[in-house]
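> give me coordinates for this.
(one chain, ligands or ions: 1)
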Amino acid sequence: MVVVAPGGRQVGRGESVVINANRAGPAAENVGVRVDGATLLTDVTVGFALGRVTGLLGPNGAGKTTLLRVLAGLRRPQTGRVLLDGDDLYGLTARRRARRVAFMEQQADTALPLTARQVIDLGRTPHRGRWPVLPGLASAHEDAVLAEAASATDVGALLDRTWSSLSGGERQRVQLARALVQEPEVLLLDEPTNHLDLRYQLGFLETVRGLGITTVAALHDLELAAAYCDDVAVLLDGRLVAHGPVAEVLTSATIARVYGVDATVERHPLHSRPHIRWNGLLTEGVES
Ligand SMILES: Nc1ncnc2c1ncn2[C@@H]1O[C@H](COP(=O)(O)OP(=O)(O)OP(=O)(O)O)[C@@H](O)[C@H]1O
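Below you'll find the model as predicted:
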């Protein structure tokens, strides 16, 4: 039996990725969001390095979804700005934004009687003209993009199933395929492994790592973040409290401060990435 350790395949990643030094990943600068008198984000400044996978961490209500929506162009911040390779994200049309940023939301759903193939195909919308593509007339490129996304997410056998008949985990994989056919330069994932069984959780994040796309994924599972993310950014009460390479940031001190949990962070014997041992809840010293 062969064990594929996290990042073991390194498809198109790490040293093998040629990053154009003149390009930059997405960045939030001094972003502040208030809704109905509530402050959701305060002065968040964070840049995501090209081609890297960043885990967006933080307890419930910390602001992870809000920041992802800001980065997706779906929630204009009251203060600050969002840059995408130097362009002001909110200065772009919705179509131009959607060509560059794909967002897989937590509970994407549709009431329309669509098949999985049609749901995935929606991801091509920003690349198309005004007129619908007639059946059988999709370009070779379109067909190839769909086939590649279906294979990467293992949804080939689901394409003709109706959306309503799919399980939570199958829907999750179809949503990732929809995001991939957008051919985005930035992939935003909100708790993408939620409904997945263990094998698909690991496989999903392995796939994401292999894409070489700049990715920001809100995650609750710190073990998964430790195993699959290059960097982590940590939010607490709407503020960014830590950001950097996973081994430097995901420490027992960070976990204690942010989650109020006592943990020992060791090196995994197989792949030497951080490995977390939970010791128990802390009753003192938790920030709120
Ligand atoms: N429309 C709103 N009005 C008031 N407060 C809101 C609104 N939308 C979100 N919030 C609050 O903003 C905070 C941040 O929400 P957000 O969904 O970004 O957190 P999160 O880190 O993604 O949480 P979770 O891990 O629970 O999904 C929460 O306290 C939430 O209750």
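> excluding its backbone neighbours, what's nearest Leu83?
Leaving aside its chain neighbours, Leu83 sits nearest to Ala27 (4.7 Å; criterion: CB to CB, 6 or more residues apart in numbering). Quick note: C-beta positions are derived from backbone N, CA and C, even for glycine.
> so how far is the ligand from that neighbour?
19 Å (CB to the nearest ligand atom, to the nearest Å).
> could you look up the SS state of that residue?
For Ala27, the assignment made with DSSP: H, G, I helix; E, B strand; the rest coil gives strand.
> and it, bridged to which residues?
Gly47, Leu83 (DSSP bridges).
> which ones are touching it?
By CB atoms under 8 Å, 6 or more residues apart in numbering, the contact set of Ala27 is 45-48, 82-83.
> cool, and Val265?
So Val265 contacts 226, 250-252, 255, 274-277 (CB under 8 Å, 6+ apart).
> you'd agree it is in a helix?
No: counting by three-state DSSP, Val265 is not found in a helix; it is strand.
> show me what it bridges to in the sheet.
Here Val265, judged by DSSP bridges, has bridge partners Ile276.
> model confidence at it, what's the number?
For Val265, the model assigns a pLDDT of 97.
> what distance do you get for it to Val249?
From Val265 across to Val249, the span is 10 Å (CB to CB, to the nearest Å).
> now, of the contacts of Val265, which are buried?
226, 250, 252, 255, 274-276 (16 or more other CB atoms under 10 Å).
> would you mind listing what in the protein touches the ligand?
35-36, 38, 40, 58, 60-66 (CB under 6 Å from any ligand atom).
> still on that earlier bit, of the contacts of Val265, closest to Thr54?
Nearest to Thr54 among those is Leu250, at 12.0 Å by CB to CB.
> ok, that closest one touching Val232?
Yes: with contact defined as CB atoms under 8 Å, Leu250 reaches Val232; the gap is 5.7 Å.
> identify the contacts common to the two.
57, 225.
> next, the residue nearest to Arg239 when sequence neighbours are not counted: secondary structure please.
Nearest non-adjacent residue to Arg239, counting by CB to CB, 6+ apart: Thr42, 5.2 Å away. Following three-state DSSP, Thr42 is assigned to strand.
> quick one: contacts for Thr42?
So Thr42 contacts 32, 237-239 (CB under 8 Å, 6+ apart).
> one more pass at 10 Å, please.
The neighbours of Thr42, taking CB atoms under 10 Å, 6 or more residues apart in numbering as the test, are 30-34, 63, 79, 237-240.
> got these as JSON lines, with neighbour count and secondary structure columns?
Output for the contacts of Thr42, formatted as JSON lines (neighbours: other CB atoms under 10 Å; DSSP: H, G, I helix; E, B strand; the rest coil):
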{"residue": "Asn30", "neighbour count": "12", "secondary structure": "strand"}
{"residue": "Val31", "neighbour count": "28", "secondary structure": "strand"}
{"residue": "Gly32", "neighbour count": "16", "secondary structure": "strand"}
{"residue": "Val33", "neighbour count": "22", "secondary structure": "strand"}
{"residue": "Arg34", "neighbour count": "14", "secondary structure": "strand"}
{"residue": "Gly63", "neighbour count": "24", "secondary structure": "coil"}
{"residue": "Thr79", "neighbour count": "14", "secondary structure": "strand"}
{"residue": "Asp237", "neighbour count": "17", "secondary structure": "coil"}
{"residue": "Gly238", "neighbour count": "22", "secondary structure": "coil"}
{"residue": "Arg239", "neighbour count": "15", "secondary structure": "strand"}
{"residue": "Leu240", "neighbour count": "22", "secondary structure": "strand"}
